[in-house]
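1. Here is my input; please provide its structure:
(chains A and B)
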Amino acid sequence: MSNAANIHGAEVITTHEVHHDEHHVHHHKETFITKYVFSQDHKMIAKQFLITGIIWAILGGLMSVLFRLQLGYPDQTFPWLEDILGHWAKGGKIQPEFYYALVTMHGTVLVFFVLTAGLSGTFANFLIPLQIGARDMASPFLNMLSYWFFWMASIVMLSSLFIQTGPASGGWTSYPPLSALGGASEGSKSGMDLWITSMALFVVSSLLGGLNYISTVLNLRTKGMSMTRIPLTIWALFFTAVLGVLSFPVLLSGFILLLFDRHAGTSFYLSDIYLASGQALPNEGGSAILYQHLFWFLGHPEVYIILLPAMGMVSEILSTNSRKPIFGYMAMIGSLFAIAILAFLVWAHHMFVTGLNPFLGSVFVLLTLLIAVPSAIKVFNWLTTLWRGNIRFTPAMLFAIGFVSLFISGGLTGIWLGNSSLDIHLHDTYFVVAHFHIVMGVASFFGMFAGIYHWFPKLYGRYLNNTMAYIHFWVTMVGAYLIFWPMHYEGLAGMPRRYLDYSNWVSFNQFGDLNKFISIVAMIVFAVQLLFVFNFFYSIFKGRKVTTQNPWGSNTLEWTTPIRPGHGNWPGEIPEVHRWAYDYGKDGRDFIPQTEPIGANESAH
Amino acid sequence: MSVTTIFIIAILLLGFLITFQIAKASEYVGVLKGEKKTIEQNNKVNAFLLIVFLVGGLIGVYWCNELFKGRILGEAASDHGEKIDKMLYITIVITGFVFFLTQILLFWFAFKYQYSEKRKALYLPHNNKLELIWTVVPAIFLTVLVGFGLFYWFKITGDAPKDSMVVEITGKQFNWLYRYPGKDGVFGKKYYKNISDKDDNSLGLIWEDVPALNLKADKAAQDDIVSDQKMMLVVNKPVKLIIGSRDVVHDVGLVHFRMKMDAVPGTPTTMWFTPRFTTKEMKEKTNNPDFVYEISCDQMCGKGHYSMRGIIDVVTQAEFDAWMISQKPKYQTAVLDKMQKPVTDTVKTAAAVQTGNVVAKK
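-> A predicted model of the protein is given here:
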């Protein structure tokens, strides 16, 4: 933890010139198509990502409501389900194939389309140029392509829901041989091809976006905006992009091999298989475990791709609303960096019970539990940021506090699962479901909500309705714990995940009433998310108008732009930066924006 | 759609509408009262709710534990399970302490330092000593956890004792197949292309020469016992499982023994443990006359995944021996019995199999 005073006080060297720009006021004609559809303005692209993400979140959430219906009421039928879903819910009962399609799609959609594209895509696009002082991304055109590849991925994935044999149903991880053989599962027929195609398009989108974010952060910072002055949001989004660029290609390679195994007769993952239909496959010598290595080499960094942007935004929001600098700025960057590095070295902790060499397993235990150290630093730094602050509970701030609480709860159970001896018992049980939903699912959603509530005034020039926001927060916060906390107990009892009915099991049927309870809470929480969606769209058009340029009293550059910035962000010159982003409460002043030069009598920190 | 469905939807919509109206009205009231006052009021309410959430949450955690601690399987039924349970308690103490500490601090700070006109936020950008403390202290605790964890991990994954009994378990969509080596104590060779469910050779054992696949008969296969009913184990005797799969990845999950291992097609895996209680003893311990040791498939394997259930019966050595004697080699029931009908003397046939006469005669 180096002394931040040296860095902020003395640094005047900048990496490049300010753009004394000619193109800052855009006079080129904007049609509906160029402004709202094929827009190259990072702010519009951010909104496109956000709204597409919201639509996917509703669909993904709805899927969870459907399978929670089955889990909560395995012995009942719901005739209206057949009305909506046809043969997938024959007799009003969700069919096993459809149940597995639902959980698969729920996972895929929420992990990739909502919490990767919807979260990173939105906030990296929106905040990077605005907070580092750039007119747009390094390549606005690639940025536009990034969204439209995501859009195509979305369309392909959506279309797979409507085919005869149904969408992919081998779990979001799509382990072969199950995902490779149409004879082993209905969902592994055309549904799987569409899934792979969609994911390949998604990887392209993610790479185009990621490369753009990295080059923008490195090259387009305004004068005075050294790397140690950029807000933590940008650091987090930067590491996120690096993780994505390095790991998504590996995932794609895994998918391509899977595609070959499916259609070209290769045996990368297939060996010694005799299908129940009475057919021995010719493939020999492949390794099903190889896919798992390739998958989790992305799969684990993916967890941090989802989590880091939330961490960055939460740091920013906690500091702004505590009216205090973020505690340990350099330590926060250091821990982000450590997490990013370790993210690549822990993938096999998903594979402790695959027959992995126990010695290799022990190395992964060590590296996995090492992540707890930077995570602990972050938590204690957030707590100290709150300590002796003067806290305003805006909806964004509440979600940020909720994020910290969930990150603690879910992070600590990671210490259980990362320890291989405990993982033997807990692997693939509801304990895992509880763990990753809290730490990665709900926590990242909280980060995303915090971001939306905090930057909505900048996104749309209006406020979201506060009352609905507070209802949204409290129901979601209480609901998240009510849903996922008791699941730990189901997991301790060894209750396996991905079962649609436990009533025939002597060891797991003791939780019937609990499953019902969880299902009811899940439906209530889902309904409240719809309230948020309503608030979101209503407020875009009818929300209370923002009248001040800097409604939260924030230091960062996005609040120096006009209330509704045009393409190019600043009408005049891009402002120069003279200090870090966290001078809150310094020298008796509530806040000192980054654009203000260091005063003659200003104290060092 | 039924009337109730429409009714529920109507209620939901009405609920939305009312919430929306209240939310809208409170926004107008806020404007009338003045922004500053509204913010201050909201702040007080939310700060109070945060502390209510903390207290309610802590009570909830306690209550949830009281409710469910009796339903989480009880005593571990294997020696490895005991180690895992011990590891569980060490971990729960350390992470539990951190959980309560940090959650209480989080909500308490939020409540205590809520906005007040009189308060000035402290300008505290960093403190190297503090940061060093919360880097080093977690690192020490984690070292302890890694140490214990790996100590148990290597004990559990280490080699099985030499006197272990060996049982092969193979997963298929959607049930389990069990194989015992028979009298010779050796598992005979098998080949997946030789599998034939209709000929009752579910594992592809090479009982006879198969010229089409260029396979030579393996006598050791002829006395192997194959069953899809249940696995019999002997109490207090180490058992090593050889785990395989016929089609997709499955997983042998043994909740009461706290053990788990994937079944991967083409790559056999193993695990070993020692059962501590017979099924009968467990029935008494759990006060559940229906108790059985269940094998659950713990790796997504297709539409029947949720019903892929196997059963283990742990018995005494005497009971096991008696059961073993009653078992016929699969080769006999699948091939010989059908060939030499009418079968009059099964004992003689079994003896013939063991000496390999049948194959020699052919």
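2. wait, residue B:314 sits on residue B:293?
-> Yes - counting by Cβ atoms under 8 Å, residue B:314 touches residue B:293, with 6.3 Å between them. No exception for glycine: its C-beta is placed from N, CA and C like everyone else's.
3. Determine the residues that are contacts of both of the two.
-> Common contacts of residue B:314 and residue B:293 (Cβ atoms under 8 Å, 6 or more residues apart in numbering or on different chains): B:77, B:279, B:282.
4. what element comes up after the longest helix along chain A heading to the C-terminus?
-> Assignment by DSSP state H gives helix A:288-322 as the longest helix of chain A. Later in the chain than helix A:288-322, the nearest helix or strand by DSSP states H and E is helix A:329-343.
5. so how far is that next one off the chain centroid?
-> Relative to its chain's centre, helix A:329-343 lies at 18 Å (Cα atoms, centre = their mean, to the nearest Å).
6. Can you name the secondary structure element that comes next after that helix?
-> helix A:358-370.
7. Report the mean per-residue pLDDT for that following helix.
-> Taken as a whole, helix A:358-370 carries a mean pLDDT of 95.
8. contacts for that helix?
-> Residues contacting helix A:358-370 (Cβ under 8 Å, 6+ apart): A:342, A:345-349, A:352, A:414-415, A:418-420, B:142, B:145-146, B:149-150, B:153-154, B:157-158.
9. could you dump it to PDB, C-alpha only?
-> Provided in PDB are the C-alpha atoms of helix A:358-370 (Å, rounded to 0.1, in the frame of the first residue of the first chain):
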ATOM      1  CA  PRO A 358      -5.300 -35.100  -5.400                       C
ATOM      2  CA  PHE A 359      -1.900 -33.300  -5.400                       C
ATOM      3  CA  LEU A 360      -3.100 -31.000  -8.200                       C
ATOM      4  CA  GLY A 361      -6.300 -30.500  -6.200                       C
ATOM      5  CA  SER A 362      -4.300 -29.300  -3.200                       C
ATOM      6  CA  VAL A 363      -2.500 -26.600  -5.300                       C
ATOM      7  CA  PHE A 364      -5.900 -25.400  -6.300                       C
ATOM      8  CA  VAL A 365      -7.100 -25.300  -2.700                       C
ATOM      9  CA  LEU A 366      -4.300 -23.100  -1.800                       C
ATOM     10  CA  LEU A 367      -4.800 -20.700  -4.700                       C
ATOM     11  CA  THR A 368      -8.500 -20.600  -4.200                       C
ATOM     12  CA  LEU A 369      -8.400 -19.800  -0.500                       C
ATOM     13  CA  LEU A 370      -5.800 -17.100  -1.300                       C
END
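10. got the angle between that helix and helix A:288-322?
-> 10 degrees (axes from the mean of the first three to the mean of the last three Cα atoms, to 10 degrees).
11. Work out the gap between helix A:358-370 and the centre of the chain.
-> With Cα atoms, centre = their mean, you get 26 Å for helix A:358-370.
12. which ones are touching residue B:241?
-> B:166-169, B:252, B:261, B:270-272.
13. Between those, which sits nearest chain A?
-> residue B:261 (5.4 Å; Cβ to the nearest Cβ).
14. excluding its backbone neighbours, what's nearest the closest one?
-> Using Cβ to Cβ, 6 or more residues apart in numbering or on different chains and skipping the chain neighbours, the partner closest in space to residue B:261 is residue B:271 (4.4 Å).
15. how about the one you found, phi and psi?
-> With angles defined as degrees, to the nearest 10, residue B:271 sits at phi -160, psi 160.
16. any low-confidence regions in chain A?
-> In the predicted model of chain A, residues A:1-28, A:605 satisfy pLDDT under 70.
17. Please repeat the previous calculation with a cut-off of 90.
-> Flagging of chain A using pLDDT under 90 yields the residue ranges A:1-37, A:78-81, A:83-87, A:92, A:276-279, A:567, A:572, A:587-588, A:599-605.
18. can you give me the strands in it?
-> Applying DSSP state E to chain A gives strands spanning A:274-275, A:279-280.
19. Tell me if the last one is near chain B.
-> In other words, strand A:279-280. Yes - on the criterion Cβ under 8 Å from any Cβ of the partner chain, strand A:279-280 is in touch with chain B at residue A:280.
20. Show me the contact partners of that strand.
-> A:183, A:273-274, B:192-193, B:195.
21. Widest-spaced pair of the residues you listed?
-> By the measure Cβ to Cβ, A:183 and B:193 form the most distant pair in the contacts of strand A:279-280, at 15.7 Å.
22. rewinding a little: filter the contacts of helix A:358-370 down to just the buried residues.
-> Buried by 16 or more other Cβ atoms under 10 Å in any protein chain shown: A:342, A:345-349, A:352, A:414-415, A:418-420, B:142, B:145-146, B:149-150, B:153, B:157, out of those.
23. What's the local residue count around residue A:86?
-> Using other Cβ atoms under 10 Å in any protein chain shown, residue A:86 has 10 other residues around it.
24. what sits against the closest residue to residue A:268 other than its chain neighbours?
-> Counting by Cβ to Cβ, 6+ apart, the nearest residue to residue A:268 once its immediate chain neighbours are dropped is residue A:257, at 4.3 Å. Each residue near residue A:257 by Cβ under 8 Å, 6+ apart is listed here: A:266, A:268-269, A:290-291, A:294.
25. Residue A:105: which of those is nearest?
-> residue A:291 (19.8 Å).
26. What about residue 123, how many residues nearby?
-> Since no chain was named, I'll use chain A. Residues near residue A:123, counting by other Cβ under 10 Å: 26.
27. wait, I meant chain B there
-> Neighbours of residue B:123 (other Cβ under 10 Å): 19.
28. doesn't it fall inside a helix?
-> No - Residue B:123 sits outside any helix when classified using DSSP: H, G, I helix; E, B strand; the rest coil, being coil.
29. hang on, the earlier thing: okay, the shared contacts of residue B:314 and residue B:293 in TSV with secondary structure, distance to chain A and pLDDT next?
-> Output for these, formatted as TSV (DSSP: H, G, I helix; E, B strand; the rest coil; distance: Cβ to the nearest Cβ, whole Å; pLDDT from 0 to 100):
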residue	secondary structure	distance to chain A	pLDDT
B:77	coil	11	94
B:279	helix	11	96
B:282	helix	11	94
